[in-house]
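Asker: for reference, the sequence and a predicted model appear below.
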Amino acid sequence: MATDALTAAADELYALVPEEFTAVRNALAKDARAAGDRALGDRIGELKKPSPAAWIANQLVRRHPDDLDELHDLGEELREAQAAGDGRALTRIGGERRRLLTALLQQAIELADAADRSPSRAVLDEVEQTLIAATVDEAASQALDTGRLVRSLQAVGFEPVELDGAVAGEASAAPSKRRAERPARSDRRTVRAGAAKSVDEGERRAAREQAEQDAQDERIRAARRQAEADLRDARDRAEAAQRALADAEDQLQAAEWNADELRDERHDLEARLKELRAEIAEAERDEREAERVRAKAAVAVDRARGDVEAAEAALAELE
């Protein structure tokens, strides 16, 4: 019973908008513990909020069950055609799947917009991959049909889809009343098989046109991926250029500061040179004056010596 209670709690939680998830989960966990089932309360408390893509996929299951039934039927036919190697059937089913995926993605956008959660291109790509995964792997189809996805799904060819941790609650549990109220899949397939037999040339032409449209869509997606990659590269180059500009500005600022320092130093040296030239001129004037004084002193000395010699000569005559 604990498993049923956990699945019921998960059904309730994964129908909510993400903003309400945590508060309601905590309240349900608290109620379970208060009722004496601590283990159930702990398991409810461990339930994770769905990713944006998983939330949209869960809402599609709840709001557009007939379209999801058609997707599951197409998936069953696709897997049978793949196993039988029926190329014509694969082409036809591929076109029908593309048409249905386009409609479901438009519904996904409308659901998200109505909840003020406009999806990004990346989120829509994850939703599309989840829906595709449900067509190539029966277990993935059942996981999607629970309406309790925690994360998006990814298919690689027709290999089994990795579902570890993808579904909240018991993945094998019946996905509530939604499936019980729908016509049996075998009945729906009988109707679809009868319709397939009545396909006329116009429908085959439409299938070819759809295949061409699929190829065009893939080219557009490839171009978008390339454009996004180019944008990332351009942004990386712009960031690198911005960093280089910042480095250059730092270097310029340092160079300007150094130039200012050198100009100040040159100004100081020029002022000092002017002072030294003035000092040299003054010293040269002093030198010339000293030379003039010395010359006059030398003349005086010569005259004094002459006077001495004359006095000595006169004294000698007196003796």
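Answerer: Nice, thanks for sending it over.
Asker: the helices in the stretch 51-200 of the chain, which residues?
Answerer: 52-63, 65-84, 87-114, 121-136, 138-145, 177-180, 185-197 (DSSP state H, counting those that start in this stretch).
Asker: could I get those helices as a markdown table with distance to E159 and mean pLDDT?
Answerer: For the C-beta atoms, the positions are set from N, CA and C on the backbone; glycine is no exception. A markdown table is the format used below for the helices of the stretch 51-200 of the chain (distance: least, C-beta to C-beta, whole Å; pLDDT from 0 to 100):
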| stretch | distance to E159 | mean pLDDT |
| --- | --- | --- |
| helix 52-63 | 20 | 95 |
| helix 65-84 | 12 | 93 |
| helix 87-114 | 17 | 93 |
| helix 121-136 | 8 | 95 |
| helix 138-145 | 11 | 94 |
| helix 177-180 | 26 | 47 |
| helix 185-197 | 23 | 51 |
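Asker: out of those helices, the one nearest A278 is which?
Answerer: Put simply, out of the helices of the stretch 51-200 of the chain the one that sits nearest A278 is helix 121-136, at 79.3 Å, with distance taken as C-beta to C-beta.
Asker: my guess is R148 contacts G165. True?
Answerer: No: counting by C-beta atoms under 8 Å, R148 sits too far from G165 to count as a contact (12.0 Å).
Asker: neighbour-wise, which of the two wins?
Answerer: The residue with more neighbours, out of R148 and G165 and counting by other C-beta atoms under 10 Å, is R148; that gives 27 against 10.
Asker: ok, now which ones touch the more buried one?
Answerer: R148 is in contact with T7, A10, D11, Y14, N58, V167, A168, G169, P175, counting by C-beta atoms under 8 Å, 6 or more residues apart in numbering.
Asker: out of those, what pair is the most spread apart?
Answerer: Between any two of the contacts of R148 (C-beta to C-beta), the greatest distance is 13.9 Å, for T7 and N58.
Asker: hang on, the earlier thing: between the contacts of R148, which is nearest K30?
Answerer: Each of these was checked against K30 using C-beta to C-beta; the closest is A10, at 16.2 Å.
Asker: what's around the closest one, how many residues?
Answerer: A10: 24 neighbours (other C-beta under 10 Å).
Asker: return the distance of it relative to R221.
Answerer: Note on A10: its distance to R221, by C-beta to C-beta, to the nearest Å, is 33 Å.
Asker: check A298 too.
Answerer: Remark: distance between A298 and R221 (C-beta to C-beta) = 111 Å.
Asker: neighbour count winner among those two?
Answerer: Between A298 and R221, counting by other C-beta under 10 Å, R221 is the more crowded of the two (13 against 10).
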